[in-house]
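Student: sequence first, predicted model second:
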Amino acid sequence: MNQNKFELEVEAKLDSLPVIGDFIAETVERFGADPATVYKVQLAVDEACTNIALYAYSGQKGSIKLACGLVDSDFVVTIRDKGKPFDPLSVPIPDLKADLDSRKVGGLGIYFMRKLMDVVSYSFDANNGNQLTMRKRLTE
């Protein structure tokens, strides 16, 4: 591992979220991000990892692998799991103007990931599983 790339592997469970949050905050801060940017990246990663912990492995044990670092002036975080294939970008943007009674349950976490980060991409490979990559520009 080089000094510009940081990695973490944790069990895919909700109890791992504080460890992931601390790892992301410490890593993005190393690259000089302001507190608002740190919070946005943390929240987006938390949403993605929560979904993995709750749904990817259908109650079976599994892991979440994170790799992050600086690419040009973007903080890039890649999240991998070998759970069920799920493309978060296939989830339609929720109707935020609908009244609460007629809103569809769920989808807000994915909406926040897309709003908080500059680029969100997803891929699936039978050997490597799910890969979600998110980028956040650190300089204007």
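Tutor: Arrived safely, thanks for sending.
Student: was I right about K136 contacting S73?
Tutor: No - K136 is beyond contact range of S73, at 10.0 Å (criterion: CB atoms under 8 Å). Glycine gets a C-beta too; all of them are placed from N, C-alpha and C.
Student: these two: who's more crowded?
Tutor: Higher neighbour count among K136 and S73: K136, with 20 against 11, using other CB atoms under 10 Å.
Student: a helix runs through the more buried one, doesn't it?
Tutor: No - applying DSSP: H, G, I helix; E, B strand; the rest coil, one finds K136 to be strand, outside a helix.
Student: so who does it touch?
Tutor: Contacts for K136 (CB atoms under 8 Å, 6 or more residues apart in numbering) come out as V28, A33, T37, K40, V41, A44, D74, F75, L116, M117, D118.
Student: and for T139?
Tutor: So T139 contacts S73 (CB under 8 Å, 6+ apart).
Student: redo that, cut-off 10 Å
Tutor: Contacts for T139 (CB atoms under 10 Å, 6 or more residues apart in numbering) come out as F31, G32, A33, D72, S73, D74.
Student: and the closest residue to M134 other than its chain neighbours, what pLDDT?
Tutor: Of all residues not flanking M134 in the chain, M117 sits nearest, at 4.3 Å (CB to CB, 6 or more residues apart in numbering). M117 is assigned 97 on the pLDDT scale.
Student: can you check the one 4 residues further on too?
Tutor: Residue-level confidence at S121 comes out at 95, pLDDT.
Student: quick check: it is in a strand.
Tutor: Yes - per three-state DSSP, S121 lies within a strand segment.
Student: ok, the residue lying closest to it once chain neighbours are set aside to Y55 distance?
Tutor: Of all residues not flanking S121 in the chain, T133 sits nearest, at 4.9 Å (CB to CB, 6+ apart). Shown here: T133 relative to Y55, a distance of 19 Å by CB to CB, to the nearest Å.
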